[in-house]
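**Student:** okay, sequence plus prediction incoming.
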Amino acid sequence: MPATVIRRDANADFYAFTIDAGKNLGVNVNDPVITENGLIGIVFECDATTSKVKTILSPDIKVGATSQKSKDAGVISGSGTYCDQNLTMLTKISSDNKLKKGDIIVTSGVGGMFPKNLVIGQVENISFDNFGRTSTEQQ
């Protein structure tokens, strides 16, 4: 259902915001929030007429994700390091992945919280962490 951002809290971590849709319109906690560009976050608090949304930039949100092209799968999570650059990380992916810069990342549907194939973003950079696991930052 359509909704409008009615408030942004300058003190909120990871760019949380409030929309003008609530329980009266069937909105519930943990509902995904999307735009024409893809997944933005989830509803984490809801009253009769408004809902607070936590963005996918938050480390509190974990999203099963996959590359549309290579089918490599992992988990999207926010990061305090990359939040201000509007980037997340794709972790828990195979070290022999086929990801490339520009690949589109979508929700996998694993876990049941997010429907399959919602666009999350695209690969911006591929790097390895100190433990040899691949970590991909996205926009």
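**Tutor:** That came in fine, so what should we check first?
**Student:** output the lowest mean pLDDT helix or strand found in this protein.
**Tutor:** Among the helices and strands of the chain, strand 134-138 carries the lowest confidence by mean pLDDT, DSSP states H and E, at a mean of 55.
**Student:** so where is the chain shaky, pLDDT-wise?
**Tutor:** Counting by pLDDT under 70, the chain contains low-confidence residues at 129-139.
**Student:** grab the most central residue of it for me.
**Tutor:** When the chain is reduced to its mean C-alpha position, the closest residue under C-alpha atoms, centre = their mean turns out to be Ile56, at 3.3 Å.
**Student:** confirm for me that that one is in contact with Val75.
**Tutor:** No. Ile56 is beyond contact range of Val75, at 11.4 Å (criterion: C-beta atoms under 8 Å). All C-beta spots, glycine's among them, are computed from the backbone N, C-alpha and C.
**Student:** overlap of the contact sets of the two?
**Tutor:** Listed as contacting both Ile56 and Val75 by C-beta atoms under 8 Å, 6 or more residues apart in numbering are Val63.
**Student:** and Ala73, how close does it get to Ser51?
**Tutor:** Relative to Ser51, Ala73 is positioned 29 Å away (C-beta to C-beta, to the nearest Å).
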